[in-house]
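Student: only geometry, no sequence info:
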């Protein structure tokens with residue numbers, strides 16, 4: 001009796017091979033449909049809802065002092081002494097240092113002697129004037145009773161006028177000597193480096209013995225109560241930035257500390273190169289200890305609240321060229337929808353002005369790129385998307 005396999009169209013070896021390959025093909029198809037390129041794309045979705053956003057503006061700035069004073073001499077000279085150093089606290093009117101006065105003290109002493117001599121001359125002229133006035137009055141009385149001649153009276157009156165002129169000259173000489181001494185004293189005083197404010201010394205750019213020119217900065221002082229952050233904001237998002245708005249400041253050296261502040265001034269000139277708007281944000285309370293001038297800080301400004309509008313997560317937005325779009329889920333299928341965006345906040349939400357309706361379901365995250373024909377599987381979470 002012949003074997004049954006002899007009547008089959010498939011040889012036994014071929015059948016055995018098929019029995020091995022068919023499960024492998026089935027496994028391959030299953031893997032391809034479940035996790036391969038033919039598998040549905042895992043997506044998370046969210047519903048479009050309405051809410052009022054409170055937008056905020058984020059910027060980077062540097063700590064600066066609103067009021068600072070660069071102190072130096074008004075005349076070229078050599079530094080004689082410096083009494084303060086960087087980090088010292090000074091008071092208004094305090095002497096910080098002094099320039100070498102060369103011979104000014106001697107010249108002041110000499111001018112004082114000139115004043116004393118002029119004052120003595122003036123005193124002498126006043127005494128002579130009193131005597132001349134008495135003599136002129138006496139000879140007027142004598143002339144009235146015909147006891148002296150007209151010529152003698154005229155001589156006495158001429159002497160009186162000469163002494164009056166000498167008195168005027170002596171008074172002018174005294175005034176000139178005092179003015180010269182006052183000028184010398186002002187020049188002498190200008191050699192003293194005096195603090196104009198209560199402040200903090202942040203720079204000392206020269207040492208005693210150094211020769212400096214007029215106007216050169218030797219010591220720089222700031223008012224520690226006037227610190228603010230010179231902040232830069234992207235012009236695209238700076239709409240609504242205004243003076244008086246509340247802000248929070250995080251210094252780079254104090255990452256865990258949030259400091260309160262407010263917008264003190266919005267600069268009328270923006271940076272055309274970096275396309276940034278500039279604003280000064282002051283600290284509500286001066287931080288302790290004071291941060292160094294020039295330290296970087298992160299500033300967040302609370303803008304005015306917006307009316308209630310449709311809002312979606314910022315992560316749901318895709319781009320088709322320059323056109324923002326979202327993938328809307330309609331009956332389990334994907335539909336590309338162009339939208340018009342409004343203002344966003346720092347929590348990842350953005351206004352939708354056109355293109356969606358309330359309760360529309362949109363894709364937020366996906367584990368692969370999407371197209372209109374992509375099969376999808378809605379999941380609660382996708383690893384690595386948050």
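Tutor: That came through fine. Since this is a predicted model, take the numbers as computed values, not measurements. Numbering: from 1, shown residues only.
Student: Next, the buried residues of stretch 90-110.
Tutor: 90, 94, 96, 97, 98, 99, 101, 104, 107, 108 (16 or more other C-beta atoms under 10 Å). Backbone N, C-alpha and C define where each C-beta goes, glycine included.
Student: Kindly report the same for stretch 146-163.
Tutor: For stretch 146-163, by 16+ other C-beta under 10 Å, it's 148, 153, 156, 160, 163.
Student: now swap in stretch 62-82 and tell me
Tutor: For stretch 62-82, a neighbour-count test (16+ other C-beta under 10 Å) marks 62, 63, 64, 65, 68, 71, 72, 73, 77, 79, 82 as buried.
Student: Strands - which of those residues land there?
Tutor: 62, 63, 64, 65, 68, 71, 77, 79, 82 (DSSP state E).
Student: Leaving out chain neighbours, which residue sits closest to the fourth one?
Tutor: Think residue 65. Nearest residue to residue 65, sequence neighbours excluded (C-beta to C-beta, 6 or more residues apart in numbering): residue 222, at 3.6 Å.
Student: The one you found bridge partners, please.
Tutor: As for beta bridges, residue 222 partners with residue 68, residue 200 under DSSP bridges.
Student: Hmm, it is touching residue 67, no?
Tutor: Yes. Counting by C-beta atoms under 8 Å, residue 222 touches residue 67, with 6.8 Å between them.
Student: Now do the residue nearest in space to the middle of the chain against residue 345, distance only.
Tutor: Closest residue to the average C-alpha location of the chain: residue 230 at 1.8 Å, with C-alpha atoms, centre = their mean. Here residue 230 is placed at a distance of 24 Å from residue 345 (C-beta to C-beta, to the nearest Å).
Student: Just the buried residues of the helix or strand where residue 262 lies, please?
Tutor: Using DSSP states H and E, residue 262 sits in strand 259-266. Within strand 259-266, the residues that count as buried by 16+ other C-beta under 10 Å are 259, 261, 262, 263, 264, 266.
Student: export these to JSON lines and tack on pLDDT and distance to residue 57?
Tutor: Shown next, in JSON lines, are these (pLDDT from 0 to 100; distance: C-beta to C-beta, whole Å):
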{"residue": "259", "pLDDT": "94", "distance to residue 57": "17"}
{"residue": "261", "pLDDT": "95", "distance to residue 57": "13"}
{"residue": "262", "pLDDT": "94", "distance to residue 57": "13"}
{"residue": "263", "pLDDT": "95", "distance to residue 57": "10"}
{"residue": "264", "pLDDT": "94", "distance to residue 57": "15"}
{"residue": "266", "pLDDT": "94", "distance to residue 57": "11"}
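Student: the helices in the stretch 1-150 of the chain, which residues?
Tutor: For the stretch 1-150 of the chain, the helices defined by DSSP state H, counting those that start in this stretch occupy 12-34, 104-144, 150-190.
Student: Include mean pLDDT and distance to residue 341 when you put these into a markdown table, please.
Tutor: A markdown table is the format used below for the helices of the stretch 1-150 of the chain (pLDDT from 0 to 100; distance: least, C-beta to C-beta, whole Å):
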| stretch | mean pLDDT | distance to residue 341 |
| --- | --- | --- |
| helix 12-34 | 62 | 36 |
| helix 104-144 | 88 | 71 |
| helix 150-190 | 88 | 62 |
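Student: Can I get these in CSV including distance to residue 320?
Tutor: Output for these, formatted as CSV (distance: least, C-beta to C-beta, whole Å):
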stretch, distance to residue 320
helix 12-34, 29
helix 104-144, 79
helix 150-190, 70
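Student: Nearest approach to residue 332 belongs to which of the ones you listed?
Tutor: Proximity to residue 332 (C-beta to C-beta) singles out helix 12-34 among these, at 16.6 Å.
Student: contacting residues for the nearest residue to residue 355 once chain neighbours are set aside?
Tutor: Once flanking residues are discounted, residue 355 sits nearest to residue 339: 3.5 Å by C-beta to C-beta, 6+ apart. Residue 339 is in contact with 317, 324, 325, 326, 352, 353, 354, 355, 356, counting by C-beta atoms under 8 Å, 6 or more residues apart in numbering.
Student: With residue 376 instead?
Tutor: Here residue 376 is in contact with 40, 41, 42, 43, 329, 332, 334, 363, 366, 370 (C-beta under 8 Å, 6+ apart).
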